[in-house]
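J.: compute the structure for the input listed below.
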Amino acid sequence: MKHPYAHYRSLFPVLASKIHLASCSQGAISKTVSESIEAYMNSLLTAGVNWNQAIKVVEQAKYRFAKLIGAEPNEIAVLCSVSDIFSAIASSLSFEKGKNIIVTTDMDFPTAGHVWLAQEKFGAKVRFIPSQQGVIPLEYYERYVTSDTLVTSISSAVPSRILCKVR
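T.: Residues are numbered from 1 along each chain as shown. Next up is the predicted model:
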């Protein structure tokens, strides 16, 4: 029996010969992404900079992603990298006494921890939730996220185990 997601796997040529565990900037490239990069590069060679077309493509991507996650396009921000996003968010925060805790995990990409720790000079206090054999027990969030928490930074979750609690 053919796996129901085999088609998607076939879009990533490297997966035919490798088990690819890297992500972020070193993630496996799909054929469609490679084709899009090539089309963009060719447009620069033949037409030069076309800012209006680039913005149109970004707006289309925001619209599609917003629809996928049940958001509005104006709620979606597009930045160059997750590191840029963390920096933008961190630099916009005010760490007042009584609401200055940042909670993250020991499993996040290192840049996240670096950005959050850099906020300590502005009054933030960073708490790292420890993992247990590659998993963070849900009850750890109950222990670490308190009424003094300003930001809870979670970069991944397993959908069947997600529990969201707003304080």
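J.: ok, how many other residues are close to residue 47?
T.: 9 (other CB atoms under 10 Å). Glycine gets a C-beta too; all of them are placed from N, C-alpha and C.
J.: give me phi/psi at it?
T.: phi -120, psi -10 (degrees, to the nearest 10).
J.: now stretch 78-85: buried residues?
T.: Residues of stretch 78-85 classed as buried: 82, 83, 85 (neighbour count, 16 or more other CB atoms under 10 Å).
J.: ok, residue 26 to residue 109 distance?
T.: Shown here: residue 26 relative to residue 109, a distance of 12 Å by CB to CB, to the nearest Å.
J.: quick one: residues in contact with the longest helix seen in the chain.
T.: In the chain, with assignment by DSSP state H, the single longest helix is helix 51-69. Helix 51-69 is contacted by residues 43, 71, 72, 73, 75, 76, 78 when judged by CB atoms under 8 Å, 6 or more residues apart in numbering.
J.: pull the distance from it to the chain's centre.
T.: 17 Å (CA atoms, centre = their mean, to the nearest Å).
J.: next one: stretch 132-150
T.: 19 Å.
J.: quick one: end-to-end distance for that stretch.
T.: Counting by CA to CA, to the nearest Å, you get 24 Å between the two ends of stretch 132-150.
J.: now for residue 40, how many residues are close by?
T.: For residue 40, the count of nearby residues is 14 (other CB under 10 Å).
J.: ok, residue 26 and residue 109, which is more surrounded?
T.: residue 109 (14 against 9).
J.: would you mind writing the CA trace of the worst-scoring helix or strand of the chain on mean pLDDT as PDB?
T.: The weakest-scoring helix or strand in the chain, judged by mean pLDDT, DSSP states H and E, is helix 6-10 (a mean of 87). Provided in PDB are the C-alpha atoms of helix 6-10 (Å, rounded to 0.1, in the frame of the first residue of the first chain):
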ATOM      1  CA  ALA A   6       4.000   9.800  -0.600                       C
ATOM      2  CA  HIS A   7       3.300  12.500  -3.200                       C
ATOM      3  CA  TYR A   8       4.400  15.200  -0.800                       C
ATOM      4  CA  ARG A   9       7.600  13.300   0.000                       C
ATOM      5  CA  SER A  10       8.400  13.000  -3.700                       C
END
